[in-house]
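Peer 1: Generate a structure from the sequence data that follows.
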Amino acid sequence: MAKKNDEKTNVMRVLEQKNIPYTAHTYPTDGAIDGVSVAKMLGQSVEQVFKTLVVKGASGGYYVFDIPVAENLDLKKAAKAVCEKSVAMLPQKELLPLTGYVHGGCSPVGMKKQFPTVFHETVILFDTICVSAGKIGAQVELAPDALMELVGAQAADVVV
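Peer 2: Sure thing, here's the model as predicted:
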């Protein structure tokens, strides 16, 4: 049983602390893996597996966007959703110091600081979605309403 606890990520610990049910999924991490490949390995639809992206606004504020893995963030729509003049993707080297997560393992749950978070509007269509469990090779599947409430997220059309 101790082995199982060692495999838990901070994301899983936060979800358990808040009594939010989830299912943990793992996948092999050999080589570079994109979100579409992760969805296929997990047997999930690409519409239900969400990637977490971090941007910096013109005002200097940071924002988190969760969108389906096969989609691309529309920076103009994203800026509008968070009432910024413009937003730009956070450089990869700034991700770990800011969020505590590495590229490919970023989760909306358990960042060093909670930033305003926006999910793509399709999130409400599903009973469950998958997001990173906070490390490469691990995902959590959970109810989107519980996740959005936990991180204080809103939903908007933010993809191309």
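
Peer 1: Relative to Cys106, how far out is the most centrally placed residue in the chain?
Peer 2: The chain has Thr52 as the residue nearest its centroid, 3.2 Å off, counting by C-alpha atoms, centre = their mean. Using C-beta to C-beta, to the nearest Å, Thr52 is found at 4 Å from Cys106. The way it works is simple: take the backbone N, C-alpha and C, and place the C-beta from them, glycine included.

Peer 1: what do those two both touch?
Peer 2: Ser132 (C-beta atoms under 8 Å, 6 or more residues apart in numbering).

Peer 1: ranges for the helices of this structure?
Peer 2: Taking DSSP state H as the criterion, the chain carries its helices at 2-7, 10-17, 35-42, 75-81, 92-99, 144-151.

Peer 1: now the second one, how far from the centre of its chain.
Peer 2: The reference is to helix 10-17. 14 Å (C-alpha atoms, centre = their mean, to the nearest Å).

Peer 1: Correct me if wrong: Lys81 contacts Ala156.
Peer 2: Careful, residue 81 is Ala; it's not Lys. Yes: here Ala81 reaches Ala156: they are 4.0 Å apart, a contact under C-beta atoms under 8 Å.

Peer 1: and the helices of the chain as TSV, adding distance to Val131?
Peer 2: Formatted as TSV, these follow (distance: least, C-beta to C-beta, whole Å):
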stretch	distance to Val131
helix 2-7	17
helix 10-17	8
helix 35-42	10
helix 75-81	18
helix 92-99	13
helix 144-151	7
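
Peer 1: Now tabulate those helices in CSV and tack on distance to Ile67, mean neighbour count and mean pLDDT.
Peer 2: CSV is the format used below for those (distance: least, C-beta to C-beta, whole Å; neighbours: other C-beta atoms under 10 Å; pLDDT from 0 to 100):
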stretch, distance to Ile67, mean neighbour count, mean pLDDT
helix 2-7, 27, 8, 50
helix 10-17, 18, 17, 97
helix 35-42, 9, 17, 92
helix 75-81, 9, 18, 98
helix 92-99, 16, 14, 96
helix 144-151, 13, 18, 98
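
Peer 1: and Leu125, how many neighbours?
Peer 2: 10 (other C-beta atoms under 10 Å).

Peer 1: correction: Gly152
Peer 2: 11.

Peer 1: How about the contacts made by it?
Peer 2: So Gly152 contacts Gln114, Pro116, Thr117 (C-beta under 8 Å, 6+ apart).

Peer 1: same check, this time on Val123
Peer 2: Contacts of Val123 (C-beta under 8 Å, 6+ apart): Phe50, Asp66, Ile129, Pro144, Met148, Ala155.
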